[in-house]
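Participant: A predicted structure for the sequence below; I have some questions about it.
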Amino acid sequence: MPAGAEANRRLATCSVNTFALNRLPFAIQSPMVLVLDRKSLDEGQIIGLLQEGDVLGASLLEFPWVMLPEGSFVRHPKMRQGRIKLLRSGWLISQHPQYG
């Protein structure tokens, strides 16, 4: 694989079978989306990230928050290569109050 190709690969947060059973699919359209450990921009710690083109399978929507369940795959918060499995549920915001 050429250098940098891994970073350009799309990531799905769960398997196709899991999507079919009980997840709402969303395509990430922002260059980078942070996955936090709680529903708080001020107090949340970054536990992963997603980037443009990734597909997430949400299990709960509490606008503007979207929950990724424990066991979902995300990108490592410091290295955009590969994927890690969430050891607990993660949250991302679908529309940032300042940046949209």
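Facilitator: Perfect, I can see it now.
Participant: Beta-bridge partners for the residue nearest the centre of the chain, please?
Facilitator: Centroid-nearest residue in the chain: Leu50, 4.4 Å away (criterion: C-alpha atoms, centre = their mean). The partner list for Leu50 in beta bridges (DSSP bridges) reads Val33.
Participant: go on, Ile93?
Facilitator: Partner residues in beta bridges with Ile93, using DSSP bridges, are Trp65.
Participant: I'd like the distance between it and Leu34.
Facilitator: Using C-beta to C-beta, to the nearest Å, one gets 8 Å for the distance from Ile93 to Leu34. From N, CA and C alone the C-beta is placed, and that goes for glycine too.
Participant: Could you point out the helix or strand that follows the longest helix anywhere in the chain?
Facilitator: Taking DSSP state H as the assignment, the helix of the chain that covers the most residues is helix 16-22. Next in sequence after helix 16-22, counting helices and strands by DSSP states H and E, comes strand 24-27.
Participant: Tell me how far that following strand lies from the chain's centre.
Facilitator: Its chain's average C-alpha position is 10 Å from that of strand 24-27, according to C-alpha atoms, centre = their mean, to the nearest Å.
Participant: Sheet-wise, list the partners of it with their directions.
Facilitator: As defined by DSSP bridges, the strand partners of strand 24-27 come to strand 55-58 (antiparallel).
Participant: Good, wrapping up.
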